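Colleague: sequence and predicted model, in that order:
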Amino acid sequence: MRRLGLMLCLLLLAISTPLSLSSQTAAIVVPRDYPTIQEAIYRAPVGGIIQVESGTYPEELLITRSLTLRADTSKGEVQLLGRPDKAVLTIIAANVTVQGFTFVYSTTAVQVFKSMKVNIAQNTFRPTIFGSLDHAIEVVEAREVTIQDNRIRGADDGIAVRENAAVEIVRNTIEGSYWGVALYDNAQAVIHHNVITENLFAGVLLWEQGQATITDNNILENVMAGVAVRGGARHSSSENAISRTQGSGVVLRDQVEATLRDNFIEDNAQCGIEVTSGVRVYGSANTIARNRAGDLCPPDFPWPPLFY
């Protein structure tokens, strides 16, 4: 009898446990469960999942707790439509994922502020017909932020990183902005495996003590510079293709430090690498060729041995 009772208890436990886990992890669906995304955010538990069905949502969203916000694009785009004077989405939280949306914005699409462990993935960013006045993604005083597999077009800064923030920027396409990626105010970034193209000023800008490791990117057909480093910033570049810029491929100014190895810096309309006095340059084994105003400018700068 005791054995039968034990077996019944185990059977009940086996049946009830999956149901309990399923109920805890079930996604909130917008608009099925709540009519707006913001209401779903308010109602979601910490660590919850919100799934948004196709449609256009003219909302200003604020996330202040850990959660996953993802688009269900099986029936079409999920558009988040911004207002001219507000960010579409502001994140002030840890452990947040935002995935799969189309942001249509005229000021800032996503702002990540004083947060940790945020993942912005597989989104599309495009400006309204009036253009963008600010950023597709802005990261301020945040750490462990990953920006991956997004398509970004038409901002002042495609991705702006500020005030000691630290980010990883990987496998994005960033095009048609003023600056593709811009680091300011001691910001830090690892930038790898991106396509950064057709930006008006520079593909990558480092300024005001910014620090970056730039690896295995295609930085192509930008207008003024492929990579511009100034204002005491430091960076290392390796295995990048920096080419067909209307200005110089790499521009180093104002007491910066740069290490370049195994890059292909070719076919730029001005210099391959352009430096001013006070710059410190290290590195080797770069391929620098067919740059119209010269491969290294000025040629009498103390370039490292075997630099190219």
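Modeller: It's in.
Colleague: centre of the chain versus stretch 194-210, how much separation?
Modeller: 12 Å (CA atoms, centre = their mean, to the nearest Å).
Colleague: host element of the most centrally placed residue in the chain?
Modeller: Geometric centre of the chain, nearest residue: I147, 3.6 Å, by CA atoms, centre = their mean. Using DSSP states H and E, I147 sits in strand 143-148.
Colleague: what is the rounded mean pLDDT of that strand?
Modeller: Average pLDDT, strand 143-148: 98.
Colleague: give me the buried positions along stretch 157-165.
Modeller: 157-162, 165 (16 or more other CB atoms under 10 Å). (Each C-beta comes from the backbone N, C-alpha and C, glycine too.)
Colleague: I137 contacts V110, doesn't it?
Modeller: Yes. The pair I137 / V110 is scored as a contact, 4.9 Å apart, by CB atoms under 8 Å.
Colleague: anything in contact with each of these two?
Modeller: Counting by CB atoms under 8 Å, 6 or more residues apart in numbering, the shared contacts of I137 and V110 are 120, 125.
Colleague: the helices in the stretch 1-150 of the chain, which residues?
Modeller: Applying DSSP state H, counting those that start in this stretch to the stretch 1-150 of the chain gives helices spanning 2-25, 37-43.
Colleague: comparing the ones you listed by mean pLDDT, which bottoms out?
Modeller: Lowest mean pLDDT of the helices of the stretch 1-150 of the chain: helix 2-25, a mean of 40.
Colleague: which elements pack onto the following helix or strand past the strand holding I147?
Modeller: Later in the chain than strand 143-148, the nearest helix or strand by DSSP H and E is strand 151-153. Judged by 3 or more CB pairs under 8 Å, 6 or more residues apart in numbering; DSSP states H and E, the packing partners of strand 151-153 are strand 124-127, strand 135-140, strand 173-175.
Colleague: what sits against A289?
Modeller: 265-267, 272, 295.
Colleague: contact partners for G180?
Modeller: By CB under 8 Å, 6+ apart, the contact list for G180 reads 158-159, 174, 196-197, 199, 202-204, 219, 222.
Colleague: can you check H192 too?
Modeller: Listed by CB under 8 Å, 6+ apart, the contact partners of H192 are 168-170, 213-217.
Colleague: so what's it bridging to?
Modeller: Taking DSSP bridges, one obtains V170, T215 as the residues bridged to H192.
Colleague: with V281 instead?
Modeller: In this entry, V281 is beta-bridged to A258, by DSSP bridges.
Colleague: please flag which of the buried residues of stretch 157-165 sit within strands.
Modeller: Judged by DSSP state E, the subset of the buried residues of stretch 157-165 located in strands is 157-162.
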